[in-house]
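> Predicted model and sequence follow; I will ask about them next.
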Amino acid sequence: MRGEKKMDQYKVPVEKLTRRCSLEELQLMSNRKTLPMTKGVIGQERATRAMEFGLHMEAKGYHIFVVGPPGTGRTSYTEAIVKEFSKKKKEKPLDYCYIHNFRAEDRPIIVELPMGEGKKFQREMEEFIEDLKSIIPKVFEDGAYEKRRDEIVLKLQEKLDALYDGMKRDAEKEGFLMKPVPPRFVFIPLKDGKQMAPDSFEKLSPEERKNLDEKGRKLTKALDDTLKESQRLEDEAREYLRKIEETYVLEAVRPRIARLQERYRGYEKIENHLLDLTEDLGKNYAPFRGPRQKEEEKPQRMFSAPEKNPLLKYQVHVFVNNEECKGVPVVYESHPTYYHLFGKLEYTSHMLSVETDFTMLRPGSIHRANGGFLILQMRDILRDPNVWEPLKKALKHDQAVVENIGEEYRLIPSGTLRPEPVPLKLKVIIICDPELYHYLYQMDEDLERLFKVRVDFDLEMERTTENVLKYAAFVEELCTREGLSSFSLEAMDKIVEYGTRIAGDQSKLTTRFNKVTEVIYESEAAARADGTERVEEKHVLEALKERRHRENLFEDRMKEEILKDVIHIKTEGEEIGQINGLSVLSTGGYSFGMPSRITARTYVGDAGVINIERETRMSGKIHTKGVLTLSGYLGGLFAQDTPLSLTAQVTFEQSYGGVEGDSASSTELYAILSSLSGVPIRQSIAVTGSVDQKGEIQPIGGVTEKIEGFFDICRERGLTGEEGVLIPVQNISHLMLKEEVIEAVSKGLFSIYAVKHIHEGVEILMGRPAGYQNGEFLPGSVYDLAFRKIRKFQKAMEAKRE
């Protein structure tokens with residue numbers, strides 16, 4: 001093999017292909033009793049400090065945004081820490097009650113009371129109403145009242161009798177009899193003291209009839225005046241009686257009201273309410289006098305609303321009751337629709353109308369969390385378009401209004417209320433994905449003003465001995481809590497290794513403990529199926545293997561197409577202008593590496609490097625940038641004295657989807673250099689890595705998945721020792737390869753090469769030096785051959801111009 005000994009210097013040693021727990025870590029893990037307690041969340045020191053700060057800040061606008069990917073424990077930690085913090089708060093939440101507004105009936109009044117006092121206030125008002133039902137009827141049964149009432153009625157009757165007697169005398173003087181014919185009186189002419197017969201009236205002369213008619217009209221007018229006077233006297237007597245009744249009622253109930261006034265002295269709204277109630281009671285005491293006579297049901301009333309309860313206005317509606325709350329309230333609203341969050345006003349329907357009253361006001365989670373903490377998920381908030389803006393408005397003004405949305409679209413007429421807003425004093429904590437948070441931060445200026453505290457949850461933490469032990473403690477505590485079989489040291493080592501693999505960095509551990517937890521459950525299930533009492537290393541490996549098998553159907557189908565040569569990928573021999581690149585594909589939450597055949601063709605022209613994917617609009621912006629970088633490198637290398645006269649077309653063969661990312665830019669450059677120089681590239685080595693304009697290799701993502709993807713293809717075809725992958729040297733610390741790859745490398749059947757510069761990659765892939773020293777190209781080197789080809793292209797172009 002060409003330059004095999006020189007190539008060995010670029011091979012990554014087996015011990016750097018993954019990272020396992022050290023002997024010291026294993027020894028420390030073996031003593032389960034000394035493992036650190038995993039209080040709170042693991043590896044999120046920045047987040048915990050920010051949360052502590054946010055919870056203690058009580059200034060306006062210091063609401064909290066918890067930002068982090070799902071699975072990092074952001075929700076469970078937030079709930080746990082807030083509940084723990086709430087128990088330490090010395091403040092007690094208030095009770096909130098709505099009472100009737102006697103001055104504006106459609107605007108119920110909100111009353112704030114100490115915790116547990118809302119229900120007491122309600123009960124006391126209910127007892128007050130029951131007392132009135134007993135006290136007021138007794139007022140009207142009392143002899144003193146009846147005597148006064150009879151006196152007033154008697155005086156009225158005397159006045160009315162005198163009034164009508166005078167009218168009768170006036171009529172007799174004029175020769176008329178005043179006869180009652182309900183609903184009023186009529187005047188009948190007299191003759192010789194007797195009622196004049198109709199035929200006698202007809203025998204009268206016209207002058208006599210005219211005279212009688214004139215007298216009758218005058219008497220009728222006088223009668224009208226008399227009736228008006230009688231009505232005035234009745235009204236006067238009725239009003240006088242009402243005032244007397246009011247006096248008697250208020251004297252009877254005043255001691256009872258005084259007890260309430262004394263009980264709620266200092267509560268201004270209740271004091272004012274009791275004054276208004278007293279005034280109203282003096283005018284509207286009739287419902288307390290006893291059962292009213294039932295009216296006959298009239299047909300025209302069948303479609304009208306039922307009569308309201310006249311005693312409702314004296315009741316108390318407990319809107320929020322915190323009597324059983326320990327500490328301050330913590331509410332996690334998992335379904336924050338408008339009505340779930342802000343409450344609503346309910347209605348009762350009757351035929352074609354609906355009615356409501358203040359006792360039908362229902363609280364939302366923002367009211368139930370008042371005085372404490374409200375926890376929400378941002379994605380849930382945005383599912384209801386009517387939530388986000390009202391929530392911000394409530395936090396801006398520190399008050400929450402209960403109002404139904406869409407009232408103007410109701411088909412059925414309804415009365416509605418405009419209750420007094422509830423004063424807010426709470427902290428809102430919203431949990432959000434990083435991408436969504438940054439989008440909202442850019443688009444919504446209120447975010448920074450209202451949510452001044454950001455709690456960032458990281459995807460990973462440093463892989464220190466302390467954190468490794470916390471991982472072991474997490475496994476131990478989970479097994480104890482859930483009643484699972486214990487894990488051996490080797491099994492724990494594999495769990496820690498899996499955490500590093502997810503993080504994609506040997507110096508890190510993932511903080512996405514949901515994924516770690518899933519593997520723990522699945523490993524324990526494998527141990528139980530195996531009939532063992534302890535989870536061993538093989539059970540963890542089996543669980544990971546089965547997990548991959550459940551998710552990699554698409555990966556297997558693609559590999560099948562490659563192995564059948566439907567997708568053409570060569571893993572042996574050499575080819576000019578052709579190379580195997582590597583990419584990462586994802587299906588759902590599963591990612592895997594897959595090789596792609598990249599080809600380059602160079603010929604006479606001055607178009608430079610042409611990206612076929614870009615020309616066909618299948619290239620992303622980052623990939624296009626990577627390809628344009630190649631022109632910079634080629635120009636800097638080969639066109640210092642003359643223009644770069646060449647056309648190079650690069651493409652991903654059999655790629656029918658979009659291409660994005662610059663991790664194949666070095667791969668494409670190798671293919672171009674091969675095409676220019678005519679030196680073939682080893683097809684047994686796949687390449688990944690970005691390159692800059694100076695030819696320096698830059699790190700890429702997904703290096704572990706890319707290597708394993710190419711390894712699987714090579715293994716299926718049979719490993720010969722020629723196969724391998726070329727990666728950036730900076731990616732060595734990101735390697736967390738599976739056991740099969742490590743075993744193959746240790747046996748010399750597969751190799752991982754790491755390079756810093758394009759020169760080194762050329763030497764590995766093409767078996768001869770790149771040949772660039774001190775600004776000159778070594779004769780016969782890859783760069784020398786490529787430069788000669790470019791000169792040839794240039795001469796052809798010059799000849800064409802001539």
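That came in fine, so what should we check first?
> which stretches of the stretch 501-650 of the chain form strands?
508-510, 534-535, 574-575, 578-587, 590-603, 608-611, 647-652 (DSSP state E, counting those that start in this stretch).
> who wins for proximity to G364 among those strands?
Among the strands of the stretch 501-650 of the chain, the nearest to G364 by C-beta to C-beta is strand 508-510 (37.4 Å). Every C-beta, even on glycine, is put in place using the N, C-alpha and C of the backbone.
> ok, residues contacting that closest one?
43, 459-463, 467-468, 471, 496, 499-500, 502-503, 516 (C-beta atoms under 8 Å, 6 or more residues apart in numbering).
> can you redo the strands of the stretch 501-650 of the chain as JSON lines with mean pLDDT?
Putting the strands of the stretch 501-650 of the chain into JSON lines (pLDDT from 0 to 100) gives the following:
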{"stretch": "strand 508-510", "mean pLDDT": "95"}
{"stretch": "strand 534-535", "mean pLDDT": "96"}
{"stretch": "strand 574-575", "mean pLDDT": "96"}
{"stretch": "strand 578-587", "mean pLDDT": "92"}
{"stretch": "strand 590-603", "mean pLDDT": "91"}
{"stretch": "strand 608-611", "mean pLDDT": "61"}
{"stretch": "strand 647-652", "mean pLDDT": "82"}
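> Tell me which of those strands is the most buried.
The highest mean neighbour count among those, using mean count of other C-beta atoms under 10 Å, belongs to strand 508-510: a mean of 24.
> who does it pair up with?
strand 460-462 (antiparallel) (DSSP bridges).
> so how far is the strand it pairs with off the chain centroid?
Once both centres are worked out by C-alpha atoms, centre = their mean, to the nearest Å, strand 460-462 turns out to sit 27 Å from its chain's centre.
> How many neighbouring residues does R74 have?
Neighbour count for R74, taken as other C-beta atoms under 10 Å: 24.
> cool, and L250?
L250: 16 surrounding residues under other C-beta under 10 Å.
> Which residue is the nearest non-sequential neighbour of it?
Closest residue to L250 apart from its sequence neighbours, by C-beta to C-beta, 6 or more residues apart in numbering: G282 at 5.3 Å.
> Of all the strands of the stretch 501-650 of the chain, which one comes closest to Q399?
That would be, of the strands of the stretch 501-650 of the chain and by C-beta to C-beta, strand 508-510, which comes in at 43.1 Å.
> Would you check how far apart E251 and L132 are?
E251 sits 13 Å away from L132, going by C-beta to C-beta, to the nearest Å.
> the more surrounded of the two?
L132 (21 against 10).
> packing partners for the helix or strand hosting Y77?
For Y77, the element it lies in under DSSP states H and E is helix 74-88. Contacts defined by 3 or more C-beta pairs under 8 Å, 6 or more residues apart in numbering; DSSP states H and E place helix 74-88 against helix 45-56, strand 330-332, strand 373-377, strand 427-432.
> which residues does V455 contact?
So V455 contacts A47, A50, M51, G54, I64, F65, V66, V67, G68, T78 (C-beta under 8 Å, 6+ apart).
> hang on, the third one packs against I64?
Which is M51. Yes: using C-beta atoms under 8 Å, M51 is in contact with I64, at 7.2 Å.
> quick revisit: ok, now which ones touch the residue nearest to L250?
G282 neighbours (C-beta under 8 Å, 6+ apart): E246, V249, L250.
> How many residues are close by the first one?
Residues lying near E246 (other C-beta under 10 Å) number 15.
> for the one helix or strand it maps to, what is the average pLDDT?
Using DSSP H and E, E246 sits in helix 206-263. In this model, helix 206-263 has a mean pLDDT of 84.
> Kindly report the same for stretch 87-99.
Stretch 87-99 comes out at a mean pLDDT of 93.
> residues contacting N404?
N404 touches Y339, K344, L345, T416, counting by C-beta under 8 Å, 6+ apart.
> now the first one, what's its secondary structure?
Right, Y339. Classification of Y339 using DSSP: H, G, I helix; E, B strand; the rest coil returns helix.
> In stretch 531-549, which residues are buried?
Of the residues in stretch 531-549, V535, E536, E537, K538, H539, V540, L541, E542, A543, L544, R547 count as buried by neighbour count, 16 or more other C-beta atoms under 10 Å.
> gap between it and the chain center?
37 Å.
> got it, and stretch 740-750?
Centre to centre, stretch against its chain (C-alpha atoms, centre = their mean), the figure for stretch 740-750 is 48 Å.
> List the contacts of that stretch.
Here stretch 740-750 has contacts from 14, 17-18, 707-708, 711, 714-715, 719-721, 723-724, 751-752, using C-beta under 8 Å, 6+ apart.
> Which single one of those is nearest to Q157?
Scanning the contacts of stretch 740-750 for proximity to Q157, where the rule is C-beta to C-beta, the winner is E708, at 111.3 Å.
> Can you say which helix or strand has the closest one in it?
Using DSSP H and E, E708 maps to helix 703-717.
> and the angle from that helix to strand 578-587?
Here helix 703-717 points in a direction 110 degrees away from that of strand 578-587 (axes from the mean of the first three to the mean of the last three C-alpha atoms, to 10 degrees).
> how about helix 703-717: buried residues?
V703, T704, E705, K706, I707, E708, G709, F710, F711, D712, I713, C714.
> Send me that helix as CSV with only the CA atoms.
Extracted C-alpha coordinates of helix 703-717, given in CSV (Å, rounded to 0.1, in the frame of the first residue of the first chain):
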residue,chain,number,x,y,z
VAL,A,703,-18.8,12.5,13.3
THR,A,704,-19.7,9.3,15.3
GLU,A,705,-22.8,8.6,13.2
LYS,A,706,-20.9,9.2,10.0
ILE,A,707,-18.1,6.8,10.8
GLU,A,708,-20.5,4.1,11.9
GLY,A,709,-22.7,4.5,8.8
PHE,A,710,-19.7,3.9,6.5
PHE,A,711,-18.3,1.1,8.7
ASP,A,712,-21.6,-0.8,8.5
ILE,A,713,-21.5,-0.8,4.7
CYS,A,714,-17.9,-1.9,4.7
ARG,A,715,-18.5,-4.6,7.2
GLU,A,716,-21.4,-6.0,5.2
ARG,A,717,-19.1,-6.2,2.2
